[in-house]
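Novice: got a predicted model here, sequence first, then my questions.
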2 protein chains.
Amino acid sequence: MAHSSLELRSTVTADGTLRINLERVTVPDPGPGELLVRVEAAPINPSDLGLLFGPADMATLKAEGTKEAPVLTAQVPQQLLPAVRARLDQSMPVGNEGAGTVIAAGPDLQDLVGRRVAMIGGAMYAELRLIRPEACIVLPEGAGAAEGAALFVNPLTALGFVETMRAEGHKAIVHVPAASNLGQMLVRICKADGIGLVNIVRSPAQAKLLRGLGATHVLDSSEPDFCGKLEEAIAATGATLAFDAIGGGEMTSIILNAMEAVAARSLDSYNRYGSSTMKQVYIYGALDTGPTILKRGFGFTWEVGGWLLFNALGRLDPAVVQRMRERVATEMTTTFASHYTATISLAEALKPEVAMAYQKKATGEKYLLVP
Amino acid sequence: MAHSSLELRSTVTADGTLRINLERVTVPDPGPGELLVRVEAAPINPSDLGLLFGPADMATLKAEGTKEAPVLTAQVPQQLLPAVRARLDQSMPVGNEGAGTVIAAGPDLQDLVGRRVAMIGGAMYAELRLIRPEACIVLPEGAGAAEGAALFVNPLTALGFVETMRAEGHKAIVHVPAASNLGQMLVRICKADGIGLVNIVRSPAQAKLLRGLGATHVLDSSEPDFCGKLEEAIAATGATLAFDAIGGGEMTSIILNAMEAVAARSLDSYNRYGSSTMKQVYIYGALDTGPTILKRGFGFTWEVGGWLLFNALGRLDPAVVQRMRERVATEMTTTFASHYTATISLAEALKPEVAMAYQKKATGEKYLLVP
């Protein structure tokens, strides 16, 4: 028996139009090793927005189509089209992760029918998802869909930061912007594990939020003495590793210069190549898509690189990755709890005013799709 | 018996004056495990200029002192003084490498008296240098001092690029600016070893020079279709590693974007995080001390880092480093031959008009000090 499902799709056409619509698709019955899941909740993560909107100009968002078949369109500036050459005219499903209830399963997986699962793998902004159990975490009985919707990207990323720190020989972390759902998880992990964490936020309200979670070092980058305080927090924790989701602008550079200033304090003689302390910043997001500006006052012992969860999981010891997944399941309602600003339906996600709200990437605001 | 030696010294005072002078120092007789070398030639490498001039404003260079005791001064802008805090008011010897003749030796090293050696270790802009044999390469009989003066920094750096490439799993190299003495050595090494090399130069004359050495891929960054040609050369060689001595500006970013464009050609489906091909640029110099501008159109699988010969030698297998040193000695007059624009004395190095010339860091121009 085949099943009918509505699925959110995003297309960038060769002539420069972004088109988001709901497509009626047919999903087959699950075969051996497969689960058919009714998706009940899926978060809109910053990492979903790139695929959803591409490089479209948000000022041109427009509702088209009918009430039954709504379509959201926007214009993509011609000069940005080459960057998405590989996806032109392809109708792409969206949604990295979600949670739902298993409504059918292959003959070998019948015991999972009726269970609620957390899932990773794309195409989650849909009513139904055919998936393999390796891409799922089976949730405890009684767990809600909203609780399980975001158990992969943010929790594994936060744990991935800590395991990257351990694997690369650093002892503390600088994180920016730190008030996100991910940042809050990182505060809880570092507090529990006794790891030094320097949180950089952008407002007094965000600082208060993190202090309320027990964060020790919380710095507001909008304050005039931010750089001096950053240097002191780095000195206090010994952080030589940072994760930066802003990407554009000077934050990466400011962090490296502060780390170098701290390292230089313990140099016993002048070295024109800077300290020999390795200083690493990973850029793991692009909240600011403008250029990264590196003012290289930090010697020659430094690295700046991209950080991607999937690459990091591949580099880590498989036993470490398994431990990470187990911890996420165990601590889903505590360490890894997410909070949502609003809950919207698939059809609502296609309304221009709603889309404008969830694409803002405001730190600490997060939308939950309920297909 | 003690020996008298003139030694070039550079001091940045706390009130912001750069002062370069010749200091009369006393050098003791060599003890066991030591050689006393009369320095006969020492190159002025870009890597020496940072220590020599610090962040002084070159427009304020002025001759002071007397003919017998010349002094060169310049002003250091107040806002740049914190960057050299660690060297303030210290009289620092200069000169990374050089060559000379052993005029005395410890009792265990008498067989080296009269031999000419290449040396590394600083303080080479001097008449005499007390040094340990581990920091020397004994030159073949008949080798000239100028031939042996620059056998450490450039030759080991060029070989270090190739060994870094091998150790980190890349198969070809992009180098910029490629017409330097170092770049010429790299052309010869890559030609001999069959390694793909993309040379980026800044003028037709430099391009001609490298083609004359047998370079295959030579691109002039001042040409209007530079980016397209760079992409083709990267596609032809498979280069995913670059060494950039410019540092400031957009060259690093241009290289990463070209590498990503090539990697994207073989993606079978669109990936919003970019290709999974690791793209690495090492910044090993600062010919442009302005900010590094990264326009991140190259996904999330990339690294940009500082590269320092001493760090790289520490990371490489000791057997590889030993092989590198042996190759330098064997090929000193071929692969690793340096060419000099002019030869100057210690006193001449302190003349403002001469200093202006050798501090220009013009690619392919190089000065040799003859103490």
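Specialist: Good, I have the coordinates. Numbering: from 1, shown residues only, chains lettered A, B, ... in the order given.

Novice: going along the chain, name the strands of the stretch 251-371 of chain A.
Specialist: For the stretch 251-371 of chain A, applying DSSP state E, counting those that start in this stretch gives strands covering A:279-283, A:288-294, A:302-306, A:342-344, A:367-369.

Novice: to clarify, my last question referred to the stretch 101-250 of chain A.
Specialist: Counting by DSSP E, counting those that start in this stretch, the strands of the stretch 101-250 of chain A are A:116-120, A:128-131, A:136-138, A:172-176, A:196-201, A:217-220, A:241-244, A:247-249.

Novice: residue ranges with poor pLDDT in chain A?
Specialist: A:361-364 (pLDDT under 70).

Novice: domain map for chain A?
Specialist: In terms of domains, chain A is parsed into A:3-150+A:338-369, A:154-314 (source: automatic domain parsing).

Novice: and the end-to-end length of the last one?
Specialist: Distance between the two ends of domain A:154-314: 17 Å, counting by C-alpha to C-alpha, to the nearest Å.

Novice: check stretch A:159-179 too.
Specialist: Chord length of stretch A:159-179, first to last residue, is 16 Å (C-alpha to C-alpha).

Novice: and that stretch, does that touch chain B?
Specialist: No. Stretch A:159-179 lies out of reach of chain B by C-beta under 8 Å from any C-beta of the partner chain, never closer than 12.2 Å. In short, each C-beta sits where N, CA and C put it, glycine included.

Novice: around chain B, which positions in the stretch 151-300 of chain A sit nearby?
Specialist: Contact residues (C-beta under 8 Å from any C-beta) of the stretch 151-300 of chain A with chain B: A:247-248, A:253, A:264, A:267, A:269-274, A:276, A:283-284, A:286, A:289, A:291-297, A:299-300.

Novice: returning to that earlier point: just send the strands of the stretch 251-371 of chain A back as CSV, with distance to residue B:125 and mean neighbour count too.
Specialist: Shown next, in CSV, are those (distance: least, C-beta to C-beta, whole Å; neighbours: other C-beta atoms under 10 Å in any protein chain shown):
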stretch, distance to residue B:125, mean neighbour count
strand A:279-283, 31, 25
strand A:288-294, 32, 18
strand A:302-306, 29, 22
strand A:342-344, 69, 15
strand A:367-369, 65, 23
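
Novice: so who does residue A:281 touch?
Specialist: Residues in contact with residue A:281, defined by C-beta atoms under 8 Å, 6 or more residues apart in numbering or on different chains, are A:241-244, A:252, A:255-256, A:302-305.

Novice: cool, residue A:182 as well?
Specialist: Residue A:182 sits next to A:154, A:157-158, A:245 when contact means C-beta under 8 Å, 6+ apart.

Novice: how many neighbours does the nearest residue to it once chain neighbours are set aside have?
Specialist: Among residues not flanking residue A:182 along the chain, residue A:154 sits closest, at 4.4 Å (C-beta to C-beta, 6 or more residues apart in numbering or on different chains). Burial of residue A:154 is recorded as 25 neighbouring residues (other C-beta atoms under 10 Å in any protein chain shown).

Novice: ok, the one 3 residues further on next?
Specialist: A total of 23 residues lie near residue A:157 under the criterion other C-beta under 10 Å.

Novice: tell me which residues touch it, please.
Specialist: Per C-beta under 8 Å, 6+ apart, neighbours of residue A:157: A:182, A:284, A:309.
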